[in-house]
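Visitor: Sequence and predicted structure below; questions after.
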Amino acid sequence: MTDEFTTDIYYDDDADVSTLDDETVAVLGYGSQGHAHALNLHESGIDVVVGLREDSSSRSAAEADGLEVVTPVEAASRASVVSMLVPDTVQPHVYEQIQDELESGDTLQFAHGFNIHYNQIQPDEDIDVTMIAPKSPGHLVRRNYENGEGTPGLLAVYQDATGNATERALAYAKGIGCARAGVVETTFREETETDLFGEQAVLCGGIAELIKVGYETLVDAGYSEEMAYFECMNEMKLIVDLMYEGGLGAMWDSVSDTAEYGGLTRGDAVIDDHARENMEEVLEQVQNGEFATEWIAENQANRPVYTQLNQAEKDHEIEEVGERLRDLFAWADEDTETDDEDES
Ligand code: NAD
Ligand code: MG
Ligand code: MG
Ligand code: MG
Ligand code: MG
């Protein structure tokens, strides 16, 4: 390992919001990322218009926040930068509606690479295609900006028709506050594949299974549901907070020597070579497009598997135990903003 990172990192000094003077940015969608990008850009002095369907329930929220809301088609026709912040599964459909509004030299901007990387959206060659992807849920992108802080983000250029795609994307990144924290250069392919792998194997899928299997192991052995919940679910946050602040070292330093020895000798017996091979297979299905094909077909079929698994997860005993316990203890009063924490 070298002491230099292999990627470029950009900060506020590398970006100039005035690059987008006299231009309009259309933010399509007003969910987790959409509301944060639209409000932050607006407060950075960039001309923003929000594009939402006539019957969108987000309309009143965007208008109450002082933003102008029009249809996606009108927003795209007025803008020279179109930021695609509707759900990934909806983007190809919205793109079909607005593609004729993209003129030569315009920018199509994303916060995740799925639809470009897996060819669900194939933009004309005369427009810039860029990505500024905050590595955080939208409500944090907004909260950090309001506090004068930044949120780390990724920058990628898929198509540079103008020759200024990077400069324009950096202006956008500065406008939403990412360049305050640092913007790391990557590619659509790398962002898409690492994001999908991470959420499947480690962050969302991996951690949820680790918690459930740990919980079930204790309960099946006769220990109480409450003890199993605290040990396997509740303490997870405390441990992860330490890692977030200071890496694995801060966590190992903070737990007892007994926990450290036990963890170091037993952890890799649980996440063993078999688990590693399974992770490699998950990565392969991301890389060869098998996962993308499956997820696109699942949506076309109205999500039968998703619906069933979503319900099964809600029905797991640990959820009911957790709800009961969180009601009984004080930590549950803390601000729990879960509605837009979709790790996507
Ligand atoms: P979201 O689900 O929070 O919000 C999407 C918004 O799109 C809705 O609020 C609504 O305003 C609009 N919308 C929904 N259905 C629509 C339809 N059928 N037609 C038109 N508009 C519709 O979405 P999000 O999580 O902000 O994701 C937006 C993009 O940001 C995605 O590409 C996602 O991968 C990316 N991203 C999300 C996060 C995250 O933490 N949420 C993080 C990084 C990148
Ligand atoms: Mg236009
Ligand atoms: Mg992610
Ligand atoms: Mg303990
Ligand atoms: Mg994701």
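Guide: Yep, that arrived. Numbering: from 1, shown residues only. Ligands and ions are numbered 1, 2, ... in the order given.

Visitor: What segments of the stretch 101-250 of the chain are helices?
Guide: 114-117, 138-146, 165-175, 178-181, 188-197, 205-220, 225-229, 235-254 (DSSP state H, counting those that start in this stretch).

Visitor: how far away is the residue in the stretch 51-200 of the chain positioned nearest to ligand 1 from residue 89?
Guide: Evaluated by CB to the nearest ligand atom, the stretch 51-200 of the chain has residue 112 as its residue closest to ligand 1, separated by 3.2 Å. All C-beta atoms are positioned from the backbone trio N, CA, C, and that covers glycine. Going from residue 112 to residue 89 by CB to CB, to the nearest Å gives 11 Å.

Visitor: Who has more neighbours out of those two?
Guide: residue 112 (21 against 16; other CB atoms under 10 Å).

Visitor: lowest-confidence helix or strand of the chain?
Guide: helix 317-328 (a mean of 94; mean pLDDT, DSSP states H and E).

Visitor: What lies in contact with that one?
Guide: 211-212, 215, 219, 225-226, 228-230, 232-234, 313, 332 (CB atoms under 8 Å, 6 or more residues apart in numbering).

Visitor: now swap in stretch 32-41 and tell me
Guide: Residues contacting stretch 32-41 (CB under 8 Å, 6+ apart): 25, 27-28, 30, 48, 50, 58, 61-62, 65, 67, 83, 85-86, 111, 134, 137-139, 141-142, 145, 172, 175-177, 340-342.

Visitor: Which positions in that stretch come out as buried?
Guide: 32-41 (16 or more other CB atoms under 10 Å).

Visitor: those strands in this structure, which residues are they?
Guide: Along the chain, counting by DSSP state E, strands occupy 9-10, 24-28, 47-51, 68-70, 81-84, 107-110, 128-134, 153-159, 183-185.

Visitor: Could I get the ones you listed in TSV, plus columns for mean pLDDT, mean neighbour count and distance to residue 294?
Guide: As requested, the strands of the chain are arranged in TSV below (pLDDT from 0 to 100; neighbours: other CB atoms under 10 Å; distance: least, CB to CB, whole Å):
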stretch	mean pLDDT	mean neighbour count	distance to residue 294
strand 9-10	96	17	35
strand 24-28	98	27	26
strand 47-51	98	25	30
strand 68-70	98	18	35
strand 81-84	98	28	22
strand 107-110	98	25	21
strand 128-134	98	25	23
strand 153-159	98	22	23
strand 183-185	97	21	29
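
Visitor: All set, thanks.
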